[in-house]
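Colleague: just the structure for this:
(one chain, ligands or ions: 1)
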Amino acid sequence: MWNGSMPRIACVSAALAIACCSVPASAGERPNIVFIFSDDHAVRAVSAYGDSLVKTPNIDRIAASGVRFDRAYVGNAICGPSRATLLTGMHSHANGFYSNEWSGPFDGEQQTLSNLLQGAGYQTAVIGKWHLYSDPVGFDHWEVIDNLFEQGSYYNPTFRSPAGVEEATGYVADLVTDKSIAWLQQAKAGDRPFFLLYNHKTPHRDWLPGPQELRDWDEDARMEEPDTLFRDLGDQTRARREARMRIEDYMTDMDVKLSMGGSLTPEQEALWQQAFAEGNQQYESSDLTPEQDLRWKYQRYIKTYAASVKSMDRQIGRLLDYLESSGLMENTIVLYSSDQGFFLGENGWFDKRWMDEVSSRVPLLMAWRGHIQPGSTSDALVQNIDFAPTLLDAAGVTPKQPMHGVSLLPLVEENPPPWQRDLYYHFYENPGFHGVARHYGIRTERYKLVYYYQNNEWELFDLVTDPEDQVNLYGKPGYEAITADLKLRLQQLRTQYQVPETDPEVPWYHGLLIRAFERLMMWL
Ligand code: CA
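Modeller: As a prediction, this is how the structure comes out:
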């Protein structure tokens, strides 16, 4: 058993490279829980995971004081469904929230993490992005960002709460943090443990950095391009060829800051102009080749994405500082994760949705002083269905009905149990933005098998030799037995999770509306 007084030696093993121990909390010492949840934050943009395109010193503090899960995934890489899974510990088909576009509102009366913790006496709150088209249930306090698609604005967002609607002034990450610290101060005064879901909008599209990053903007700085930025997908599956995700074709002027989005105060607008106006003039007076144009858009994209991450990371630091200075950190589990990953120029793409590593893999960091060894890592295959069971386990709360996920706490014990597991993935949102075909698949220790069932196409990847899903081995000689085994295991997962054979009906006109909206966005 590890405790805080023992030497801090990272105990990394090959199979379940994890730290030492966890002690289930007794009723008298139930831990507080702060879940820091961001939006579209790819692993490649978290410096705790090594070579990163942006430094995240504050998020890294959680990794340094706890465990870093190196193979954490979501089961459906799109915003609302991932959030519904966080709350329920269930895959999309079981919690009813399949799609951002046609599944809402989320049924908060079903068994959820918040309902169970609230019922067990926890003080509960969700502050920030919600994106489930419903009023939060199971939360004593909620203030969620709001607008037509529940994305909220980077600057001067609208918050919705039981008290009504508030038109706030400021940068969203700062405001969400202000409100979260205020709630923590109040919760600290209570005599019951608390659960805070601290949900950032950042770094979701359209990647608008905070005031400090606008002041610090360096138009001439250049970030490294991914090897596959100019990849020709002509020989790939129809699913990949038909996706509408290419930076060169589908990024809007607002995305690349050629036009200003949102409603800014004069001071905010001055900062925006200071950062981008001169570079925009140069761009508009240049006669760029298509290759140069893609390079320019990529730089604007990746630099504003990275700057947005920095703006958020600074605010996360402020909240962590409060937990430390208030003494709350001594008995608080702090987690960091994102609702999914993101394409940061790989395949020439932006956005998410795919079962590919860059979009379905997420950062997952968990610190719990005295229970998880600082600086430890795990390469166990884990998924967002596990978040709720893990936190309920830590709180000593038993779900009334079984969840799809399992507690990850055994993985932080001194002698973790064997961890043999296949992961199930299912993306449903087609027709939908970006035109990604519906697919389901299996991720095992080594392989990934994906079925695009609308097109009857398959992909098989060997993630040891091909960690970025670039070489489709399906149908290649020598892979017959592996493929047959994976198909069997995939079917076993579908049976285990009771996945329906048919998907929900989508209105016939939905695809037309989406295409019209996409064109409108490009035109604006
Ligand atoms: Ca998202």
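Colleague: what's the neighbour count on the closest residue to the ion within the stretch 51-200 of the chain?
Modeller: Residue nearest to the ion within the stretch 51-200 of the chain (C-beta to the ion): C79, separated by 3.6 Å. Bear in mind the C-beta positions are built from the backbone N, C-alpha and C, glycine included. Using other C-beta atoms under 10 Å, C79 is surrounded by 21 other residues.
Colleague: wait, it touches S338, no?
Modeller: No. With contacts counted by C-beta atoms under 8 Å, C79 stays clear of S338, the gap being 10.0 Å.
Colleague: ok, and what's touching stretch 496-510?
Modeller: Here stretch 496-510 makes contact (C-beta atoms under 8 Å, 6 or more residues apart in numbering) with 91, 93-94, 98, 101-103, 404, 424, 426, 428, 431-432, 438, 440, 493.
Colleague: average pLDDT for that stretch?
Modeller: What stretch 496-510 shows for mean pLDDT is 96.
Colleague: next one: stretch 370-386
Modeller: 96.
Colleague: kindly report the same for stretch 452-471.
Modeller: Mean predicted lDDT for stretch 452-471 stands at 98.
Colleague: buried sites along that stretch?
Modeller: Under the neighbour-count criterion of 16 or more other C-beta atoms under 10 Å, stretch 452-471 has Y452, E457, W458, E459, L460, F461, L463, D469 buried.
Colleague: need the distance between the two termini of it.
Modeller: Between the opening and closing residues of stretch 452-471 lies a distance of 16 Å (C-alpha to C-alpha, to the nearest Å).
Colleague: ranges for the strands of the stretch 201-350 of the chain?
Modeller: For the stretch 201-350 of the chain, applying DSSP state E, counting those that start in this stretch gives strands covering 332-338.
Colleague: pLDDT weak spots in the chain?
Modeller: Counting by pLDDT under 70, the low-confidence segments of the chain come to 1-28.
Colleague: the ion contacts on this protein?
Modeller: The chain has residues D39, D40, C79, D339 near the ion, with proximity defined as C-beta under 5 Å from the ion.
Colleague: ok, the residue lying closest to the first one once chain neighbours are set aside to Y122 distance?
Modeller: With C-beta to C-beta, 6 or more residues apart in numbering as the criterion, D39 has its nearest non-adjacent residue at 4.2 Å, and that residue is H204. According to C-beta to C-beta, to the nearest Å, H204 stands 28 Å off from Y122.
Colleague: same thing with Q420?
Modeller: Distance, Q420 to Y122, using C-beta to C-beta: 33 Å.
Colleague: which of these two has more neighbours?
Modeller: Neighbours per residue, other C-beta under 10 Å: of Q420 and Y122, the larger number sits with Y122, 24 against 10.
Colleague: what sits against the nearest residue to the more buried one once chain neighbours are set aside?
Modeller: Leaving out its chain neighbours, the residue that sits closest to Y122 by C-beta to C-beta, 6+ apart is F195, at 4.9 Å. Listed by C-beta under 8 Å, 6+ apart, the contact partners of F195 are N32, I33, F35, L113, S114, L117, Y122, Q123, T124, A125, L391, A395.
Colleague: ranking those residues by neighbours, who comes first?
Modeller: Counting neighbours by other C-beta under 10 Å, the top entry in the contacts of F195 is L113, with 28 neighbours.
Colleague: and the residue nearest to that one when sequence neighbours are not counted, what are its phi and psi?
Modeller: Residue nearest to L113 in three dimensions, not counting chain neighbours: A388, with 4.1 Å by C-beta to C-beta, 6+ apart. Taking degrees, to the nearest 10, you get phi -60, psi -50 for the backbone angles of A388.
Colleague: could I get the full set of helices for the chain?
Modeller: 57-64, 79-88, 92-95, 113-119, 172-189, 211-215, 238-242, 247-250, 266-284, 290-325, 357-360, 387-395, 480-496, 510-523 (DSSP state H).
Colleague: out of those, deepest packed?
Modeller: The highest mean neighbour count among the helices of the chain, using mean count of other C-beta atoms under 10 Å, belongs to helix 79-88: a mean of 27.
Colleague: any idea of the angle that helix forms with helix 387-395?
Modeller: Helix 79-88 runs at 30 degrees relative to helix 387-395, counting by axes from the mean of the first three to the mean of the last three C-alpha atoms, to 10 degrees.
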